[in-house]
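K.L.:
dropping the sequence and predicted coords here.
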Amino acid sequence: MWKKVFFALAAALAVFAAVVATRPASYRVSRNAAIAAPPAVVFAQVADFHRWDSWSPWAKLDPSMQTTYGGTLGTVGATQAWKGNDKVGEGRMTIVEARPPERLGIRLEFIKPFASTNSTEFTFAPESRGTRVTWTMAGNNNFIGKAFGLFMDFDTAIGKDFDKGLAAMRGVAEAEAKKAAAVH
């Protein structure tokens, strides 16, 4: 009897591992939004990590999150590290490319709850009414990431947060653009 249970369990685990192994080795999530503000104003919201608290979908998940900053704001090498509750975990962002006001590349490292490294990119394209900002994150799935992918769609889960963040960024950047226009 126990042999049958053992072999059935081993077979189930082997099938599960085989299914997980067939999952994609990488992922890419991208969202964009039109913002009625000049590219330089929108770029500043992303390039200055201090401003992320005003629009990031994760900033309000832990009011006591510890955040530290390093480097020169908005330039290659600038960093933000955070340590918080289970909802935000622990990690670090480093600017790896800065082409104001067109593009910002970020190395995104999660330490807890699961270690992973991703590349994040923001592009800022001028449009007749302001800026089209595109937020993209790409990374590789290890075995655990592939297993999670069986039960959770990264594009839907992360994309929902990107949509929230872009909507909040729109509000902040458009308000800043209006203030600047009123001064001039």
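P.N.:
Thanks, I have it.
K.L.:
next, the buried residues of the host helix or strand of Val42.
P.N.:
Using DSSP states H and E, Val42 sits in helix 39-47. If you call a residue buried by 16 or more other C-beta atoms under 10 Å, then helix 39-47 has these buried ones: Pro39, Val41, Val42, Phe43, Ala44, Gln45, Val46, Ala47. (Each C-beta comes from the backbone N, C-alpha and C, glycine too.)
K.L.:
how about stretch 47-59?
P.N.:
Ala47, Phe49, Arg51, Trp52, Trp55, Ser56, Pro57, Trp58, Ala59.
K.L.:
in this protein, where's the longest helix?
P.N.:
For the chain, the helix with the greatest residue count under DSSP state H is helix 154-183.
K.L.:
averaged pLDDT, that helix. What do you get?
P.N.:
Averaging pLDDT along helix 154-183 yields 89.
K.L.:
so where's the chain uncertain?
P.N.:
Under the criterion pLDDT under 70, the flagged ranges of the chain are 5-25, 142-153, 184.
K.L.:
which residues of it fall in helices?
P.N.:
2-21, 39-47, 143-151, 154-183.
K.L.:
tell me what the spatially most central residue of the chain is bridged to.
P.N.:
By C-alpha atoms, centre = their mean, the chain has its centre lying nearest to Met137, at 5.8 Å. Listed beta-bridge partners, Met137: Val29, Thr120 (assigned using DSSP bridges).
K.L.:
I figured it hits Val29, correct?
P.N.:
Yes: counting by C-beta atoms under 8 Å, Met137 does reach Val29; the two are 5.1 Å apart.
K.L.:
still on that earlier bit, pick the one among the buried residues of stretch 47-59 closest to Lys4.
P.N.:
Using C-beta to C-beta, Trp58 is the member of these that lies nearest Lys4, at 47.6 Å.
K.L.:
distance of the spatially closest residue to the closest one that is not a sequence neighbour from Ala81?
P.N.:
Excluding its sequence neighbours, the residue lying closest to Trp58 (C-beta to C-beta, 6 or more residues apart in numbering) is Val88, at 5.4 Å. As for Val88, its distance to Ala81 is 12 Å (criterion: C-beta to C-beta, to the nearest Å).
K.L.:
how about the contacts made by the spatially closest residue to Leu104 that is not a sequence neighbour?
P.N.:
Leaving out its chain neighbours, the residue that sits closest to Leu104 by C-beta to C-beta, 6+ apart is Phe122, at 4.6 Å. Residues near Phe122 by C-beta atoms under 8 Å, 6 or more residues apart in numbering: Phe43, Val46, Arg103, Leu104, Ile106, Val133, Thr134, Trp135, Thr136.
K.L.:
all set now, cheers.
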